[in-house]
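Structure for this input, please:
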Amino acid sequence: MDVHPIRTEADHAVAMAEVERMWGAPVGSSDADRLDVLVTLVEAYEARHHAVPPPDPVDAILFRLEQLALPRSALVPLLGSRSRVSEVLHRKRPLTLAMIRRLRRELGIPADVLVGEVEGGQRAA
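From the prediction side, this is the model:
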């Protein structure tokens, strides 16, 4: 099996072309084994060089509201008041631990997403 580390974008392009060529190889074949190794190398390279940053907490909240077809007013019981909702959504007030817990429990937003930095540079309190 002639497999090399992926160190550059050119190496990545060659590996991806090889993955596409071998896609669907019969399980247990030498091509399937090579494909498995190449996919592992590609995933490791992409994790290092093309990592997707976590979403902004406010953007995550707004996206989840949209997914659930909920109005912003649905956040009032979770964040405390209409003015508090406005402050959080306009990035003027950070999320507290209690808010994060309620958002995770009621809307299913992962806590690690809510703890992250918001665009304005504030972190959850």
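
Can you give me the domain boundaries for this structure?
9-49, 57-115 (automatic domain parsing).

want to try a markdown table for those, with mean neighbour count and mean pLDDT as columns?
In short, each C-beta sits where N, CA and C put it, glycine included. Compiled in a markdown table, the domains of the chain are given as follows (neighbours: other C-beta atoms under 10 Å; pLDDT from 0 to 100):
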| stretch | mean neighbour count | mean pLDDT |
| --- | --- | --- |
| domain 9-49 | 13 | 94 |
| domain 57-115 | 16 | 96 |
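
Indicate which one of these is closest to residue 3.
If you check each of the domains of the chain against residue 3 by C-beta to C-beta, domain 9-49 wins as the nearest, at 5.3 Å.

and the end-to-end length of that closest one?
Length of domain 9-49, first residue to last, C-alpha to C-alpha, to the nearest Å: 9 Å.

could I get the domains of the chain as TSV with distance to residue 2?
Putting these into TSV (distance: least, C-beta to C-beta, whole Å) gives the following:
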stretch	distance to residue 2
domain 9-49	8
domain 57-115	40
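
which helices and strands does the strand or helix carrying residue 40 pack with?
Using DSSP states H and E, residue 40 falls within helix 30-49. Where contact means 3 or more C-beta pairs under 8 Å, 6 or more residues apart in numbering; DSSP states H and E, helix 30-49 is packed against helix 9-22.

Give me the next element, helix or strand, following the helix holding residue 40.
Downstream of helix 30-49, the next assigned helix or strand under DSSP H and E is helix 57-67.

Show me how far that following helix is from its chain's centre.
Relative to the centre of its chain, helix 57-67 is centred 13 Å away, using C-alpha atoms, centre = their mean, to the nearest Å.

What is that helix packed up against?
Contacts defined by 3+ C-beta pairs under 8 Å, 6+ apart place helix 57-67 against helix 82-89, helix 97-107, helix 111-115.

Please save the CA atoms from the last one in CSV.
As requested, the backbone C-alpha atoms of helix 111-115 are provided in CSV (Å, rounded to 0.1, in the frame of the first residue of the first chain):
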residue,chain,number,x,y,z
ALA,A,111,-23.8,24.2,26.6
ASP,A,112,-20.3,24.3,25.0
VAL,A,113,-21.7,26.4,22.1
LEU,A,114,-23.4,28.8,24.6
VAL,A,115,-20.2,29.2,26.6
